[in-house]
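> Below are the sequence and a predicted model; questions follow.
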Amino acid sequence: MLLLALASGVAVAQDAKARKDYLRARWDPIHFKPLIDKATNEQCLACHKEILTHKVRKASPAGWKADSVLAWYQTLDTYKGQQMTFHQRHLMSKYARQVMDLKCNFCHQGNDPREEAPASHAENQNDNTYTLRKMVNPETTCLRCHGKFPYEHMEGVEGDWSKVRQDFEDEETPNGCLTCHEETYRTVRHQVTYLKPENIEKLAKKSSDVCYGCHGGRKWYRISYPYPRHPWPGMKDVVEETPAWAKNRPTQSEARYRRKK
């Protein structure tokens, strides 16, 4: 689908080029609220198609060849194939297409061409949607899948999953996460539009890297994302009271990401 969007985007870009110069395109209303919320991948790729076509270096500036070293994100079972660029991994890689349904505007919620900073000029004094000097807000995007493994909140788990998984897994139990999370705890999950919950649950039967990959295995941050704590069947039977760490958690996903029932 993205390849079709890319082909469609080329035609749109050629038409846009005939009608606009760079300055007018940069200030196009689609880059701002509220239109950015409705922007399609086709519209974005009309001008930004290079994010899916350029490739990683064959060798680093220091001389290390890409096909002879492993990047940190390639160490999990769920990553297959050669190294890819950031946008290719999230939009085009085989695994991403299996478990995710990301759109350009999931991360890119508009930007301010004047300066990527809140309260930097008269028109954005009360705008708190910008994160200082960043094109996206990592706290509401990247952190959802790249936070640390919150083992402190899990009874019986005494360290990072990479260190304790052998205590929960064997040939008959390839995914130790499901020891607790198949029927007992947090069984209502992933019901958001940017993920494919059915595929995630299916693939998770084979390896805990499916779970750990987004819950600590590819951590960029020292904190974990405060996921909504959706009520699950039998919740009252196993949780007598809300633990301190979850008292301020929402009980529903953000409205714009909720899947239609």
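Sure, I can see it. Numbers count the residues shown, from 1 in each chain.
> Low-confidence stretches in the stretch 51-200 of the chain?
Applying pLDDT under 70 to the stretch 51-200 of the chain picks out residues 128.
> all helices in it, in order from the N-terminus.
86-91, 94-99, 104-107, 143-146, 161-164, 178-181, 197-204 (DSSP state H, counting those that start in this stretch).
> Could you tell me what pLDDT the model assigned to the closest residue in space to Ile30 that isn't next to it in sequence?
Among residues not flanking Ile30 along the chain, Ala39 sits closest, at 5.4 Å (C-beta to C-beta, 6 or more residues apart in numbering). (Each C-beta comes from the backbone N, C-alpha and C, glycine too.) Ala39 carries a pLDDT score of 96 in this model.
> same deal with the one 4 residues further on?
Here, the pLDDT recorded for Gln43 equals 95.
> That one - nearest residue in space that isn't next to it in sequence?
Ile30 (6.3 Å).
> one step back: so who does the residue nearest to Ile30 touch?
Residues in contact with Ala39, defined by C-beta atoms under 8 Å, 6 or more residues apart in numbering, are Ile30, Cys104, Asn105.
> sorry, back to before: could you dump the helices of the stretch 51-200 of the chain to JSON lines with mean neighbour count and distance to His54?
Shown next, in JSON lines, are these (neighbours: other C-beta atoms under 10 Å; distance: least, C-beta to C-beta, whole Å):
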{"stretch": "helix 86-91", "mean neighbour count": "16", "distance to His54": "9"}
{"stretch": "helix 94-99", "mean neighbour count": "16", "distance to His54": "17"}
{"stretch": "helix 104-107", "mean neighbour count": "18", "distance to His54": "16"}
{"stretch": "helix 143-146", "mean neighbour count": "19", "distance to His54": "23"}
{"stretch": "helix 161-164", "mean neighbour count": "16", "distance to His54": "32"}
{"stretch": "helix 178-181", "mean neighbour count": "17", "distance to His54": "39"}
{"stretch": "helix 197-204", "mean neighbour count": "16", "distance to His54": "28"}
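> Looking at those, spot the one closest to Ala255.
Among the helices of the stretch 51-200 of the chain, the nearest to Ala255 by C-beta to C-beta is helix 104-107 (14.7 Å).
> What helices and strands are in contact with the closest one?
helix 41-48 (3 or more C-beta pairs under 8 Å, 6 or more residues apart in numbering; DSSP states H and E).
> So what's the residue count around the closest residue to Pro138 other than its chain neighbours?
Distances taken as C-beta to C-beta, 6+ apart place Thr131 nearest to Pro138, at 6.9 Å, with adjacent residues excluded. Under the neighbour criterion other C-beta atoms under 10 Å, Thr131 is assigned a count of 16.
> ok, now which ones touch Thr131?
So Thr131 contacts Glu116, Asn137, Pro138, Glu139 (C-beta under 8 Å, 6+ apart).
> Ok, Trp232 next?
Tyr185, Arg186, Thr187, Val188.
> what do you get if the cut-off is 10 Å, keeping everything else the same?
His181, Glu183, Thr184, Tyr185, Arg186, Thr187, Val188, Arg189, Val238, Val239 (C-beta atoms under 10 Å, 6 or more residues apart in numbering).
> surely the fifth one meets Arg229?
So that's Arg186. Yes. In this structure, Arg186 is within contact of Arg229 by C-beta atoms under 10 Å, at 7.7 Å.
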